[in-house]
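*Asks:* coords below, sequence missing:
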Ligand code: EPU
């Protein structure tokens with residue numbers, strides 16, 4: 001099994017360049033299916049989730065031209081509604097964004113039930129509610145989702161989401177873009193990647209207002225035209241490196257970020273005794289003294305992101321005193337705690353609450369990545385632990401972090417990627 005081997009205890013120093021936002025990319029690639037013409041997308045992270053989505057588009061008849069590692073040109077002029085590789089679709093969560101974009105483009109869609117990280121039940125009732133309100137007939141059976149605009153074009157409608165959902169907000173926004181008339185999404189999610197998707201669609205001719213607030217108005221247009229767009233930087237990748245230096249000590253410049261998107265992460269790290277200095281598009285993060293305890297509750301944006309919960313909880317294991325972490329988005333996002341316990345962490349989980357007793361130091365051990373962010377947490381734990389940590393199931397981590405091994409090595413970490421086939425240690429992007 002592929003794994004990372006980390007010899008911990010080295011502080012991090014230097015600079016790290018943050019890649020484009022995964023959760024923006026996985027919405028914008030399916031959105032390109034609705035574009036009549038060529039769209040050039042820059043700053044796409046080179047990760048397995050974006051790779052799979054581009055492959056899915058190719059199977060649907062899109063021409064995908066790779067300009068460089070992070071730039072593609074997608075031409076969906078000749079795309080068709082059939083040919084989707086269902087096995088591939090099942091492997092990623094974001095494949096369900098094809099429901100919204102296929103409904104817009106073709107008036108019907110067939111996709112698989114989505115995959116992705118397992119945090120307990122991940123319902124899609126709000127997606128279905130939104131599509132149905134726009135006039136689609138949606139059926140779920142045998143692991144597939146069928147949606148049909150009943151032979152015509154979707155019609156704008158007012159949709160109140162019962163739950164703040166990133167996925168439902170994105171999917172309804174996609175479906176409404178080419179619908180007839182105005183749609184209003186209320187209780188919409190406000191994450192930066194939702195704004196990024198709206199900006200992408202608007203730059204291709206859509207008329208979407210209010211993204212970033214809880215009310216989004218979409219005035220349907222007849223067609224989208226080609227254009228060029230560059231994705232925002234990844235808030236969670238940046239936060240992960242910030243947490244890593246908080247755990248190991250040292251000082252790193254996290255480059256190509258939007259500091260505003262990191263406000264809640266920076267605020268919590270400061271409470272923990274970490275210095276965070278903001279520049280225009282970079283943050284300097286340093287930790288020399290002891291880490292202090294704090295309490296954290298995850299919430300939809302602009303609250304503290306659930307996708308940073310495992311990483312920050314790992315840092316809190318090293319703080320003095322007892323910290324309380326409350327998961328406010330997912331029912332079951334503490335599976336990684338069992339792995340951290342193998343490294344000496346003292347964490348008691350009760351439902352959505354984790355009580356973390358600071359232990360000062362962790363000890364290297366063989367651990368597994370249970371999911372993407374849990375895997376990032378294991379890497380952070382390994383970087384600060386005494387001794388050797390082997391992280392297995394790293395394919396989860398590579399779903400969302402471009403060249404994490406190369407970036408950490410450039411910061412002075414002792415981490416290598418061991419490839420199952422030949423057990424040879426590799427370093428840097430070539431390993432991934
Ligand atoms: N929910 C419903 N019904 C729905 C949809 C969601 O009840 O129809 C509930 C969920 O069960 C959850 C809450 O609403 O309790 C929020 O779920 P949301 O729909 O916002 O999550 P998602 O769209 O499935 C995205 C990210 C996740 C991130 C969440 C929350 C993508 C591809 N995934 O998931 O990212 O945790 O938003 O911010 O954008 C990650 O990157 O590691 C990751 C898991």
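*Replies:* Perfect, thanks for sending it. Everything quoted here is computed from the prediction, not taken from an experiment. Numbering: from 1, shown residues only.

*Asks:* Give me the packing partners of the host helix or strand of residue 73, helices and strands only.
*Replies:* In the assignment (DSSP states H and E), residue 73 maps to strand 71-75. When contacts are defined as 3 or more CB pairs under 8 Å, 6 or more residues apart in numbering; DSSP states H and E, strand 71-75 sits against strand 35-42, helix 48-59, strand 63-68. Backbone N, C-alpha and C define where each C-beta goes, glycine included.

*Asks:* Can you name the residues of the stretch 301-432 of the chain sitting close to the ligand?
*Replies:* The stretch 301-432 of the chain comes close to the ligand at residues 306, 307, 329, 330, 372, 373, 400, as judged by CB under 6 Å from any ligand atom.

*Asks:* Kindly recompute the last result at 8 Å.
*Replies:* Within the stretch 301-432 of the chain, the positions near the ligand by CB under 8 Å from any ligand atom are 301, 305, 306, 307, 329, 330, 331, 371, 372, 373, 400.

*Asks:* Which single residue of the stretch 201-350 of the chain ends up nearest the ligand?
*Replies:* The minimum distance from the stretch 201-350 of the chain to the ligand, using CB to the nearest ligand atom, falls at residue 307 (4.5 Å).

*Asks:* Repeat that for the chain.
*Replies:* Closest point on the chain to the ligand, by CB to the nearest ligand atom, is residue 167, at 2.7 Å.

*Asks:* Look up which helix or strand that residue falls in, please.
*Replies:* Using DSSP H and E, residue 167 falls in helix 166-177.

*Asks:* Residue 83 contacts residue 59, correct?
*Replies:* Yes - between residue 83 and residue 59 there is a contact at 4.9 Å, judged by CB atoms under 8 Å.

*Asks:* Which one of these two is surrounded by more residues?
*Replies:* residue 59 (16 against 11; other CB atoms under 10 Å).

*Asks:* My guess is the more buried one contacts residue 87. True?
*Replies:* No - at 10.8 Å, residue 59 does not count as touching residue 87 under the criterion of CB under 8 Å.

*Asks:* what's the closest non-adjacent residue to the residue of the stretch 201-350 of the chain closest to the ligand?
*Replies:* Of all residues not flanking residue 307 in the chain, residue 236 sits nearest, at 4.5 Å (CB to CB, 6 or more residues apart in numbering).

*Asks:* repeat for residue 262
*Replies:* residue 238 (5.9 Å).

*Asks:* tell me which element the one you found is part of?
*Replies:* helix 235-248.

*Asks:* how about that helix, does it reach the ligand?
*Replies:* Yes - against the ligand, helix 235-248 shows contacts by CB under 8 Å from any ligand atom at residue 236.

*Asks:* same for that helix, what does it pack against?
*Replies:* strand 12-17, helix 22-31, strand 250-255, helix 263-271, strand 282-287, helix 309-316, helix 372-384.

*Asks:* and the ones you listed as a markdown table, adding mean pLDDT and mean neighbour count?
*Replies:* Below are the helices and strands packed on helix 235-248 laid out as a markdown table (pLDDT from 0 to 100; neighbours: other CB atoms under 10 Å):
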| stretch | mean pLDDT | mean neighbour count |
| --- | --- | --- |
| strand 12-17 | 98 | 18 |
| helix 22-31 | 98 | 27 |
| strand 250-255 | 98 | 20 |
| helix 263-271 | 98 | 19 |
| strand 282-287 | 98 | 21 |
| helix 309-316 | 98 | 29 |
| helix 372-384 | 98 | 29 |
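
*Asks:* ok so, going back, doesn't the residue of the stretch 201-350 of the chain closest to the ligand lie inside a helix?
*Replies:* Yes - according to DSSP: H, G, I helix; E, B strand; the rest coil, residue 307 belongs to a helix.

*Asks:* Can you give me the neighbour number for it?
*Replies:* Neighbours around residue 307, by other CB under 10 Å: 25.

*Asks:* The one 10 residues further on now?
*Replies:* Taking other CB under 10 Å as the neighbour definition, residue 317 ends up with a count of 29.

*Asks:* ok, now residue 366?
*Replies:* Neighbours of residue 366 (other CB under 10 Å): 14.

*Asks:* how close does the nearest residue to it once chain neighbours are set aside get to residue 420?
*Replies:* If you skip the residues right next to it in sequence, residue 366 has residue 390 as its closest partner in space, 4.6 Å away by CB to CB, 6+ apart. Relative to residue 420, residue 390 is positioned 13 Å away (CB to CB, to the nearest Å).

*Asks:* Neighbour count: those two, which is higher?
*Replies:* Between residue 390 and residue 420, residue 390 has the larger neighbour count (other CB under 10 Å), namely 17 against 8.

*Asks:* and that one, that's in a helix?
*Replies:* No - Residue 390 is assigned strand when assessed by three-state DSSP, not a helix.

*Asks:* My read is that it contacts residue 1, right?
*Replies:* No - the criterion here is CB under 8 Å, and residue 390 misses it with residue 1 at 9.8 Å.

*Asks:* Let me see the contact set for the residue nearest to residue 366.
*Replies:* 3, 4, 5, 6, 365, 366, 367 (CB atoms under 8 Å, 6 or more residues apart in numbering).

*Asks:* Reformat these as TSV; add pLDDT and secondary structure.
*Replies:* Compiled in TSV, the contacts of residue 390 are given as follows (pLDDT from 0 to 100; DSSP: H, G, I helix; E, B strand; the rest coil):
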residue	pLDDT	secondary structure
3	97	strand
4	98	strand
5	98	strand
6	98	strand
365	98	coil
366	98	strand
367	98	strand
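
*Asks:* of the residues you listed, buried ones?
*Replies:* 3, 4, 5, 6, 365, 367 (16 or more other CB atoms under 10 Å).

*Asks:* so residue 25 touches residue 48, yeah?
*Replies:* No - applying CB under 8 Å, one finds residue 25 not in contact with residue 48, separated by 11.8 Å.

*Asks:* re earlier: how far off centre is the helix or strand just after the helix holding residue 167?
*Replies:* With elements assigned by DSSP H and E, the helix or strand that comes after helix 166-177 is strand 182-186. On the basis of CA atoms, centre = their mean, to the nearest Å, strand 182-186 sits 25 Å off its chain's mean C-alpha point.

*Asks:* Any buried residues in strand 182-186, and which?
*Replies:* Buried residues in strand 182-186 (16+ other CB under 10 Å): 183, 184, 185.

*Asks:* unless I'm mixing things up, the second one is touching residue 213, no?
*Replies:* No - checked against CB under 8 Å, the pair residue 184 and residue 213 is beyond contact range at 11.6 Å.
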